[in-house]
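# here's my sequence, what's the structure:
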Amino acid sequence: MSESRMEALEALLEERWSCRGFTDEPVEAATIERLLNAAQRTPSWCNTQPWHVVVTAGGETERLKQAMADDERFGPDLTFPESYEGVYAERRRESGWQLYEAVGVVKGDRAGSAAQTMRNFEFFGAPHVAIVTTTRSLGVYGAIDCGLYVQSFLLAAQALGLGACAQAALAMRSELLREWFDLDDDRQVVCGISFGHPDPDHPTASYRTSRASLDEAAELRL
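Below you'll find the predicted structure:
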């Protein structure tokens, strides 16, 4: 029993990818509720469960997309990385060029890369977006707990046959999101997750990002 459960988890982790191409078909409400119920089992420090999630559907998703396009305010609640250096810059660059090559953006095509960046704020065409917020008073560890929640959400989506993409870019629109969803002052936007039924024929479905070897990521003192 334990071996088969481990194999199931390994399969979900292996198969999951950041989906950036979706069909127009909405996800049934019962399926979304099942996904959220599964993610709600996420562990957190002292069981604080600092996350709160708002999920859009239908017309609200489309209206929010338009608001994202019209609003010129940028600025996250949580500090973004100051820089990417060394191996982190290499991994970021590799991932970025895999995406650009998939959608036909060539080196030096600033207009093409800018257009692809703006696809973030269109939720990559997904019919749903989940906005994840944390409680300000819990600081960095509240955000860490929300990161665990995001992973649970992504794996649950994969298990349900859905595509999903966690997007820090959406946190750049924190002021808009706070107003749109009437968020309390103590809430901080962590990220958004665009999700729906994946389009297997979309160009961005043609590649997968790499992972560092175990030797790079862990030190085993056994």
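# buried ones in the biggest helix by length in the chain, by neighbour count?
As assigned by DSSP state H, the longest helix anywhere in the chain is helix 139-159. Residues of helix 139-159 classed as buried by neighbour count (16 or more other C-beta atoms under 10 Å): 142-147, 149-150, 152-159. (C-beta placed from N, C-alpha, C; glycine too.)
# can you pull the contacts of the residue lying closest to Val105 once chain neighbours are set aside?
Counting by C-beta to C-beta, 6 or more residues apart in numbering, Gly112 is the residue found nearest to Val105 once chain neighbours are left out, at 3.9 Å. Applying C-beta atoms under 8 Å, 6 or more residues apart in numbering, we find Gly112 in contact with Tyr100, Val103, Gly104, Val105, Val106.
# picking that back up, which elements pack onto the longest helix of the chain?
helix 2-15, helix 29-39, strand 128-135, strand 163-167, strand 187-196 (3 or more C-beta pairs under 8 Å, 6 or more residues apart in numbering; DSSP states H and E).
# tell me the angle of it relative to strand 128-135?
160 degrees (axes from the mean of the first three to the mean of the last three C-alpha atoms, to 10 degrees).
# restrict helix 139-159 to CA atoms and write it as PDB.
C-alpha atoms of helix 139-159 as PDB (Å, rounded to 0.1, in the frame of the first residue of the first chain):
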ATOM      1  CA  GLY A 139       5.500  37.800   8.500                       C
ATOM      2  CA  VAL A 140       7.700  35.600   6.400                       C
ATOM      3  CA  TYR A 141       6.500  32.300   7.900                       C
ATOM      4  CA  GLY A 142       2.900  33.100   7.000                       C
ATOM      5  CA  ALA A 143       4.200  33.500   3.400                       C
ATOM      6  CA  ILE A 144       6.100  30.200   3.700                       C
ATOM      7  CA  ASP A 145       2.900  28.400   4.800                       C
ATOM      8  CA  CYS A 146       1.100  29.900   1.800                       C
ATOM      9  CA  GLY A 147       3.800  28.400  -0.400                       C
ATOM     10  CA  LEU A 148       3.000  25.000   1.000                       C
ATOM     11  CA  TYR A 149      -0.700  25.700   0.300                       C
ATOM     12  CA  VAL A 150       0.200  26.600  -3.300                       C
ATOM     13  CA  GLN A 151       2.000  23.300  -3.800                       C
ATOM     14  CA  SER A 152      -1.000  21.400  -2.400                       C
ATOM     15  CA  PHE A 153      -3.300  23.300  -4.800                       C
ATOM     16  CA  LEU A 154      -1.100  22.500  -7.800                       C
ATOM     17  CA  LEU A 155      -0.800  18.800  -7.000                       C
ATOM     18  CA  ALA A 156      -4.500  18.600  -6.300                       C
ATOM     19  CA  ALA A 157      -5.200  20.300  -9.700                       C
ATOM     20  CA  GLN A 158      -2.900  17.800 -11.400                       C
ATOM     21  CA  ALA A 159      -4.600  14.900  -9.700                       C
END
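# from the chain's centroid, how far away is that helix?
9 Å (C-alpha atoms, centre = their mean, to the nearest Å).
# what sits up against it?
12-13, 15-16, 34-36, 38-39, 41-45, 48-51, 53, 78, 130, 132-136, 138, 163-164, 166, 188, 190-191, 193, 195.
# what subset of the residues you listed is buried?
16, 35, 38-39, 42, 44, 49-51, 53, 78, 130, 132-136, 138, 163-164, 166, 188, 190-191, 193, 195.
# residue ranges with poor pLDDT in the protein?
1 (pLDDT under 70).
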